[in-house]
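[1] below are the sequence and a predicted model for it; my questions follow.
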Amino acid sequence: MNPVWLAAIIIAGTMTMSGCVSDRKYQEALAETDTAKTELATTRAQKSALEQQVKTLKDLNVKFGNEAQTARDELERIQYGRDKERGSVEGRTKELEERVKQLAGQNRALRQEYEDAKRHNETLKSLVARYQKELKDQSRSAGGSLAPSMQPAPPASASAPPAMAPAPSPSRPPNGTPAPGGIMNVNRASSSEMVLLLGLPKDVAERIVSNRPYKVKGELVAKNVVPKETFDMIKDRISVSP
């Protein structure tokens, strides 16, 4: 065979083989390009989804932050209200405790006053009983001393007319003790008579005696000798006239 034709055949075959190889690579490149495009689209879709998730998470984070701030504000308000209420309760508790102490002190004072009044009443009862006994003894003594004077007097001479005894005063005895249904003279009566007949305490009766004389009955109150209540009880049974 002619060498020229052989070289031409070889060249033609080589060119044919080169064309086949280039077309296959082109198809493979096209396939890889399509694959890359698909992957790029998938990646973009995933990116969009991730961006949407990030946005959603940011929105949730803002929402949760607002809710957390609201919860903190509410908690602070509750704590403030609780502290204020606790302070108010503690203050009220202290006031009540102080009031209880005051009432307990008043109760003790009233109980002491009651005991003092009870002892004073017993003392007054014993004084009244003693004064009644003394008055009875004085009455008996006065009755015994008046017995001899009731004997008949010796007959007087015919020339001398019998002397007329002065009539007794019906108003009151000279020592200030009131006659039955009469008025007591506080400028002349004794403290014992005031205790027995007016029902006054011993110290009040002695105070009346120590502050004599009185020009009007109202001086008993004006001089702070007796309380107004006591004066109102005895004012209709006393006098200051000589």
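    Nice, I can see it.
[2] which neighbouring elements make contact with the lengthiest helix in the chain?
    Longest helix in the chain, counting residues (DSSP state H): helix 3-146. In terms of contacts (3 or more CB pairs under 8 Å, 6 or more residues apart in numbering; DSSP states H and E), helix 3-146 is packed against helix 202-210. (Each C-beta comes from the backbone N, C-alpha and C, glycine too.)
[3] can I get the helix it packs on as CSV, trimmed to CA atoms?
    What follows is helix 202-210, C-alpha atoms only, in CSV (Å, rounded to 0.1, in the frame of the first residue of the first chain):
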residue,chain,number,x,y,z
LYS,A,202,-63.5,60.1,156.4
ASP,A,203,-60.8,62.1,154.4
VAL,A,204,-63.5,64.3,152.7
ALA,A,205,-65.1,65.0,156.0
GLU,A,206,-61.8,66.0,157.6
ARG,A,207,-61.0,68.2,154.6
ILE,A,208,-64.3,70.0,155.1
VAL,A,209,-63.4,70.6,158.7
SER,A,210,-59.9,71.8,158.0
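[4] that helix: which residues count as buried?
    202, 204-209 (16 or more other CB atoms under 10 Å).
[5] what's the average pLDDT for the helix or strand following it?
    Remark: after helix 202-210, the chain's next helix or strand is helix 219-222, criterion DSSP states H and E. Regarding helix 219-222, the rounded mean pLDDT is 92.
[6] and helix 219-222, what does it pack onto?
    So helix 219-222, by 3+ CB pairs under 8 Å, 6+ apart, packs with helix 228-234.
[7] what packs against the helix it packs on?
    helix 219-222.
[8] residues in contact with the helix it packs on?
    Here helix 219-222 makes contact (CB atoms under 8 Å, 6 or more residues apart in numbering) with 186, 208, 214, 225-228, 231, 240.
[9] please repeat the previous calculation with a cut-off of 6 Å.
    226, 228, 231 (CB atoms under 6 Å, 6 or more residues apart in numbering).
[10] neighbours of the closest residue to the first one other than its chain neighbours, how many?
    Taking CB to CB, 6 or more residues apart in numbering, and ignoring the residues beside it in sequence, V226 has L220 as its nearest neighbour in space, at 4.9 Å. L220 sits with 24 neighbouring residues when counted by other CB atoms under 10 Å.
[11] equivalent analysis for A189, please.
    23.
[12] one more: I238?
    Neighbour tally, I238, other CB under 10 Å: 21.
[13] cool, and the one 3 residues further on?
    One way to gauge burial is a neighbour count; for S241, by other CB under 10 Å, it gives 9.
[14] and L196, by the same measure?
    Counted with other CB under 10 Å, L196 comes out at 19.
[15] please apply the same query to A222.
    There are 10 residues near A222, going by other CB under 10 Å.
[16] where's it relative to I183, distance?
    Per CB to CB, to the nearest Å, A222 is found 20 Å from I183.
[17] now the element after the worst-scoring helix or strand of the chain on mean pLDDT, going C-ward?
    The helix or strand of the chain with the poorest confidence is helix 3-146; it has a mean of 81 (mean pLDDT, DSSP states H and E). Using DSSP H and E, the next helix or strand after helix 3-146 towards the C-terminus is strand 184-185.
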